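Visitor: can't give you the sequence, but here's the structure:
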């Protein structure tokens, strides 16, 4: 009975609320490199006959007290201690009370949680939904939508995507964080979404996720070497005003810290709500595509003449090249995570930066910001919870 009364509040952790939604209004491609005439559209590639286009829809601009816990831990609400969520769930099943330090059947339990903010959130890259071939609701719970609110109507548009890496931090592309369109301003991050046409989202098996919610953005941290209209250092952090409540549809992803195992030919996945080259219209459900990591030479051959890969601040190794099999993700995937899954753990390896206007062309890959290359910057700029 004790296990049941504690387990019920734990399940309540998976309850979050959805806010209003909106539609995309128009498609604009970012300013390209070159002359004023070239900046009126995407710059042509003299070698391949295609041009560079960013993957967004908008142009780029501008306590409970200590209660018998050991040294190095503190009595904390379970929803603030991700590191113990799975362990607590197991202990509840077996009736083990050793992790608890407070709470009752009427409220969320308190647990002895590591004091370090990093250790509190060491659990990442897991989906609460199991199934090798299942790709539906809850399969990629770390993908988020970047919301822009119309200053007059209050309607939302979602031209970009990002990834949940901490309770208050979303990792995305700088060109998305600084994007704007007439009348729209960066406003919020929408988490827990799968099907944009349903509320709440429900799987074919009958289970439903908590309603989604728009979390207001407190401030944006853009890499200091990023320049508007260019593509180097295309990385940013969106810091939320309030922490996320993790659920079956909202979980953090792990970050890849080394490129040692990211060899040419390795398969990776990108997910989001933009347009796919294989479809004439955007689908309301989250889309995903498996792509191969390709050689950097292939990206050089496709984009070398555009100037997108050349600037005084460009650094070798800051990009990754993936795709080129005759299908790709297109507009609306800017900032979306490129990730791998090993031993049941999802790790983000890239951030969608830009690709060709001939999206999905054979041997025409897209370019991603390397997460491993910027892992130290991400760590140093992620605020404590």
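Guide: Alright, I've got the coordinates. Fair warning: this is a prediction, and the values are worked out from it, not measured in the lab. Numbering: from 1, shown residues only.
Visitor: ok, the most centrally placed residue in the chain - contacts?
Guide: For the chain, residue 163 is the residue whose C-alpha lies nearest the centre (CA atoms, centre = their mean; 1.3 Å). By CB atoms under 8 Å, 6 or more residues apart in numbering, the contact list for residue 163 reads 142, 143, 144, 170, 171, 172, 253, 336, 337, 339, 348, 351. Every residue, glycine included, has its C-beta placed from N, CA and C.
Visitor: C-terminal to the host helix or strand of the fifth one, what's the next element?
Guide: The secondary structure element spanning residue 171 is strand 169-172 (assigned by DSSP states H and E). For strand 169-172, the following helix or strand on the C-terminal side (DSSP H and E) is helix 174-177.
Visitor: what helices or strands is that next one leaning on?
Guide: strand 156-166, strand 213-222, strand 236-240 (3 or more CB pairs under 8 Å, 6 or more residues apart in numbering; DSSP states H and E).
Visitor: kindly recompute the last result at 10 Å.
Guide: strand 59-60, strand 143-150, strand 156-166, strand 213-222, strand 236-240, strand 345-356 (3 or more CB pairs under 10 Å, 6 or more residues apart in numbering; DSSP states H and E).
Visitor: will you turn these into CSV that also has mean pLDDT and distance to residue 385?
Guide: Below are those laid out as CSV (pLDDT from 0 to 100; distance: least, CB to CB, whole Å):
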stretch, mean pLDDT, distance to residue 385
strand 59-60, 38, 30
strand 143-150, 93, 17
strand 156-166, 93, 7
strand 213-222, 93, 13
strand 236-240, 97, 11
strand 345-356, 95, 19
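Visitor: give me the mean pLDDT for the host helix or strand of residue 74.
Guide: Taking DSSP H and E as the definition, one finds residue 74 inside strand 73-77. In this model, strand 73-77 has a mean pLDDT of 84.
Visitor: so how far is it off the chain centroid?
Guide: Strand 73-77 sits 28 Å away from the centroid of its parent chain (CA atoms, centre = their mean, to the nearest Å).
Visitor: helix or strand right after it?
Guide: Note on strand 73-77: by DSSP H and E, the next helix or strand toward the C-terminus is helix 85-94.
Visitor: and the closest residue to residue 197 other than its chain neighbours, what does it touch?
Guide: Nearest residue to residue 197, sequence neighbours excluded (CB to CB, 6 or more residues apart in numbering): residue 284, at 4.0 Å. Residue 284 makes contact with 193, 194, 195, 196, 197, 198, 273, according to CB atoms under 10 Å, 6 or more residues apart in numbering.
Visitor: so which of the helices and strands packed on helix 174-177 comes closest to residue 306?
Guide: Ranking those by proximity to residue 306 (CB to CB) places strand 345-356 first, at 9.3 Å.
Visitor: report the buried residues of the closest one.
Guide: 346, 347, 348, 349, 350, 351, 352, 353, 354, 355, 356 (16 or more other CB atoms under 10 Å).
Visitor: same check on stretch 224-243?
Guide: In stretch 224-243, counting by 16+ other CB under 10 Å, buried: 225-226, 230-240.
Visitor: now render these as a markdown table, adding distance to residue 70.
Guide: Shown next, in a markdown table, are the buried residues of stretch 224-243 (distance: CB to CB, whole Å):
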| residue | distance to residue 70 |
| --- | --- |
| 225 | 43 |
| 226 | 44 |
| 230 | 51 |
| 231 | 49 |
| 232 | 47 |
| 233 | 43 |
| 234 | 44 |
| 235 | 38 |
| 236 | 38 |
| 237 | 33 |
| 238 | 35 |
| 239 | 32 |
| 240 | 31 |
